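>>> Sequence unavailable; structure follows:
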């Protein structure tokens, strides 16, 4: 199957700083990637759809200015958590599909963000 | 709107016993359905998927799921549970968007296995 890689796997940062998480499709091109957030013992909630070469589409209630998404190439999307606060601590997971009409998503291994 | 309901927050079964995890979906068109497993602190692993055809789907690790359109259900089953199956299980539906298919997850069911 297709491989999606996230980096870093975990990160600790201080309140007020920004953190960038990368999501790469290693063996295929992804015009669309998805970013999810998972709080402890909860489900994965879709945050936004990352579109290569255009603006991301955010789900209702997700702050665009706080969670900056950039999809500069067909194999890389980045999520930047700006001015992080402890409540932003969470597990962030990205996914990509093999193609626009492909219904199966391939997930990265996730990034554990802890803001202290 | 598309949604997935997993009515059981957690389930406990004895090792060797059979397992059934419930999943109901709401989707206007033909659903693309998935079951994922997540161990603590880990990413997601796809157990099986249903796109079309045979409504009984076989997956990895001895899991299977049956799609029942009349009941809008896609329950996951395993005839004999192993202690290593203890994990969080997510049912999901693939929903079409302009950019592709996004995955909508149920709340998850945590499986505990007792010796």
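Structure received. All values reported here derive from a predicted model rather than from experimental measurement.
>>> Please count neighbours and contacts with C-alpha atoms only from this point.
Noted.
>>> Residue A:41 should be in a helix, yeah?
No - per DSSP: H, G, I helix; E, B strand; the rest coil, residue A:41 lies outside any helix segment and is coil.
>>> So it versus chain B, what's the distance?
9 Å (CA to the nearest CA, to the nearest Å).
>>> Pull the number of nearby residues for residue 103.
Since you didn't name a chain, this refers to chain A. 23 (other CA atoms under 10 Å in any protein chain shown).
>>> my bad, the chain I had in mind was chain B
Using other CA under 10 Å, residue B:103 has 25 neighbouring residues.
>>> right, and it touches residue B:94 too?
Yes - the pair residue B:103 and residue B:94 passes the contact test of CA atoms under 8 Å, sitting 4.6 Å apart.
>>> all strands of chain B, in order?
If DSSP state E is used as the criterion, the strands of chain B fall at B:3-5, B:10-14, B:19-21, B:24-26, B:32-38, B:44-50, B:56-58, B:64-68, B:73-78, B:87-97, B:100-105, B:109-114.
>>> Verify the stated contact: residue A:23 with residue A:8.
No - if you go by CA under 8 Å, residue A:23 and residue A:8 don't touch, sitting 9.2 Å apart.
>>> what about those two, which has more around it?
Looking at residue A:23 and residue A:8 with other CA under 10 Å, you find the greater number of neighbours at residue A:23, namely 28 against 15.
>>> which residues touch the spatially closest residue to the more buried one that is not a sequence neighbour?
What sits nearest to residue A:23 in space, not counting adjacent residues and going by CA to CA, 6 or more residues apart in numbering or on different chains, is residue A:6, at 4.5 Å. Each residue near residue A:6 by CA atoms under 8 Å, 6 or more residues apart in numbering or on different chains is listed here: A:21, A:22, A:23, A:24, A:93, A:94, A:108, A:109, A:110, A:111.
>>> Mean pLDDT per helix and strand in chain A: which one sits at the bottom?
Every helix and strand of chain A was ranked by mean pLDDT, DSSP states H and E. The lowest is strand A:105-107, at a mean of 88.
>>> neighbouring contacts of that strand?
Contacts for strand A:105-107 (CA under 8 Å, 6+ apart): A:2-5, A:93-98, B:43-44, B:101-103.
>>> The worst-scoring helix or strand of chain B on mean pLDDT close to chain A?
Every helix and strand in chain B was compared by mean pLDDT, DSSP H and E; the lowest is strand B:100-105, with a mean of 84. Yes - contact of strand B:100-105 with chain A (CA under 8 Å from any CA of the partner chain) involves B:100, B:101, B:102, B:103, B:104, B:105.
>>> From those, pick the one nearest chain A.
Nearest to chain A among the residues of strand B:100-105 next to chain A: residue B:100, at 4.3 Å, using CA to the nearest CA.
>>> quick one: pLDDT of residue B:98?
Predicted confidence (pLDDT) for residue B:98: 68.
>>> correction: residue A:17
Looking at residue A:17, its pLDDT stands at 97.
>>> Verify the contact between it and residue A:80 for me.
No - here residue A:17 does not reach residue A:80: they are 10.4 Å apart, not a contact under CA under 8 Å.
>>> returning to that earlier point: pull the most distant pair out of the contacts of residue A:6.
Farthest pair in the contacts of residue A:6 (CA to CA) is A:24 and A:111. Separation: 12.8 Å.
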